[in-house]
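Undergrad: Pasting the sequence and the predicted coordinates here, then a few questions.
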Amino acid sequence: MDEQLIFRYEIDGSNFTSAGEASVSVKKKLRQLGFAPEIIRRVSIAMYEGEINMVIHAHGGKAEVVVKNDRIEIILDDHGPGIPNIDLAMQEGFSTAPDNIRSLGFGAGMGLPNMKRYTDTMAIQTELGVGTRITMTVNI
Amino acid sequence: MKIKEIVRLLEADVLTCENLLDSDVYSACGSDMMSDVLAFVKDQGVLLTGLLNQQVVRTAEMMDMRCIVFVRNKRPGQEVLSLAEENGIVLLATAERMYEACGRLYTAGLIGGCTKPANTD
Ligand SMILES: Nc1ncnc2c1ncn2[C@@H]1O[C@H](COP(=O)(O)OP(=O)(O)OP(=O)(O)O)[C@@H](O)[C@H]1O
Ligand SMILES: [Mg+2]
């Protein structure tokens, strides 16, 4: 059995002002654990984008960060509307965010591509009307 | 460039973390889209923005940026100030517009998306 540490968060989908809190907390924990700044940055940015997506597109959800011997896993689970077309959603610039979200600084359509760029693996499972589960790993 | 030099160039007010004005920053980025900041920035150090919400501070924290400049005389609320104070991020407010503020810093040697130290004097 791998030794592992697990951090769990409930992401509140009703409150945009708190969006990103879980990722800030993960960043602090990874710092305490002594990981290299580049690893910490990659994990926390990827999680931050995913966390914001859960708040603006999916009414919140659950996040789990698992620190293993050789990698850090980020698992984001929501019961939102699901993603109809993953290939389209992964394209830079594609966004369904409404104007009020854009005026808050999100909705550039860069979140999912950023998540892919900053992680070593990323998998999206999604079902319309049921929810979305995104699993990412960063090797350490 | 030291953060206090940015304060001087932009005639900015210091809103948080006055104790960190001697810190060095090497580059900057101006944007109102946080995911663009998260996509392209590398060791920027300074974020110039017209947005005032808590995600601006969290975005800077994610990118290890040490300083945020609010342009066009905008002032953030108490929650934003507290969050920045907690995370050791210097918040500045300037009357300059985005374009002018970026231009002043760039002309003074604060470069864009690069990790190389800028020549300060
Ligand atoms: N958890 C999710 N549930 C449902 N739809 C999602 C979810 N995450 C992303 N999407 C859809 O995929 C699109 C692209 O997401 P992406 O994060 O790349 O961009 P964005 O969130 O719209 O803007 P940005 O991330 O630049 O602020 C979204 O606009 C949305 O339609
Ligand atoms: Mg997004």
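TA: Happy to help now that I have it. Ligands and ions are numbered 1, 2, ... in the order given.

Undergrad: residues touching the nearest residue to B:G88 once chain neighbours are set aside, list them.
TA: Closest residue to B:G88 apart from its sequence neighbours, by C-beta to C-beta, 6 or more residues apart in numbering or on different chains: B:C17 at 6.1 Å. Using the backbone N, CA and C atoms, a C-beta is placed for each residue, glycine as well. Neighbouring residues of B:C17 by C-beta atoms under 8 Å, 6 or more residues apart in numbering or on different chains: B:A84, B:E85, B:G88, B:I89, B:V90, B:L91.

Undergrad: Drop the exposed ones from those residues and show what's left.
TA: With burial judged by 16 or more other C-beta atoms under 10 Å in any protein chain shown, the buried subset of the contacts of B:C17 is B:A84, B:I89, B:V90, B:L91.

Undergrad: Tell me how far the first one lies from A:I72.
TA: Spelled out, that is B:A84. Going from B:A84 to A:I72 by C-beta to C-beta, to the nearest Å gives 27 Å.

Undergrad: same question, the third one
TA: Computed as C-beta to C-beta, the B:V90 to A:I72 distance reads 29 Å.

Undergrad: which ones are touching the nearest residue to A:I86 once chain neighbours are set aside?
TA: In space, and not counting its chain neighbours, A:I86 is closest to A:I124: 5.5 Å by C-beta to C-beta, 6+ apart. A:I124 makes contacts with A:I83, A:I86, A:T132, A:R133, A:I134, as judged by C-beta under 8 Å, 6+ apart.

Undergrad: Now narrow these to whatever sits close to ligand 1.
TA: A:I83, A:T132 (C-beta under 6 Å from any ligand atom).

Undergrad: which of the contacts of A:I124 sit farthest apart?
TA: Using C-beta to C-beta, the two most remote members of the contacts of A:I124 are A:I86 and A:R133, lying 12.2 Å apart.

Undergrad: out of those two, which sits in the more crowded spot?
TA: Taking neighbours as other C-beta atoms under 10 Å in any protein chain shown, A:I86 and A:R133 compare with A:R133 leading, 16 against 13.

Undergrad: what's the helix or strand for that one?
TA: Per DSSP states H and E: A:R133 is located in strand A:131-139.

Undergrad: Just the buried residues of that strand, please?
TA: Of the residues in strand A:131-139, A:G131, A:T132, A:R133, A:I134, A:T135, A:M136, A:T137, A:V138 count as buried by neighbour count, 16+ other C-beta under 10 Å.

Undergrad: Next one: the second one from B:A28, what distance?
TA: Right, A:T132. In terms of C-beta to C-beta, A:T132 sits 35 Å off from B:A28.

Undergrad: quick revisit: pick the one among the buried ones among the contacts of B:C17 closest to B:V7.
TA: Using C-beta to C-beta, the buried ones among the contacts of B:C17 come closest to B:V7 at B:V90, 8.9 Å.

Undergrad: neighbours around residue 61, how many?
TA: Since no chain was named, I'll use chain A. Neighbour count of A:G61, defined by other C-beta under 10 Å: 24.

Undergrad: other chain: chain B
TA: For B:E61, the neighbour count with other C-beta under 10 Å is 23.

Undergrad: For the helix or strand of chain A with the lowest mean pLDDT, buried residues please.
TA: Of all helical and strand segments in chain A, the minimum by mean pLDDT, DSSP states H and E falls on helix A:99-102, at a mean of 94. Neighbour-count burial for helix A:99-102, counted by 16+ other C-beta under 10 Å, picks out A:I101.

Undergrad: chain center to the helix or strand following it, what's the gap?
TA: Next along the chain after helix A:99-102, taking DSSP H and E as the criterion, comes helix A:111-118. Here helix A:111-118 is found 9 Å from its chain centre; the criterion is C-alpha atoms, centre = their mean, to the nearest Å.
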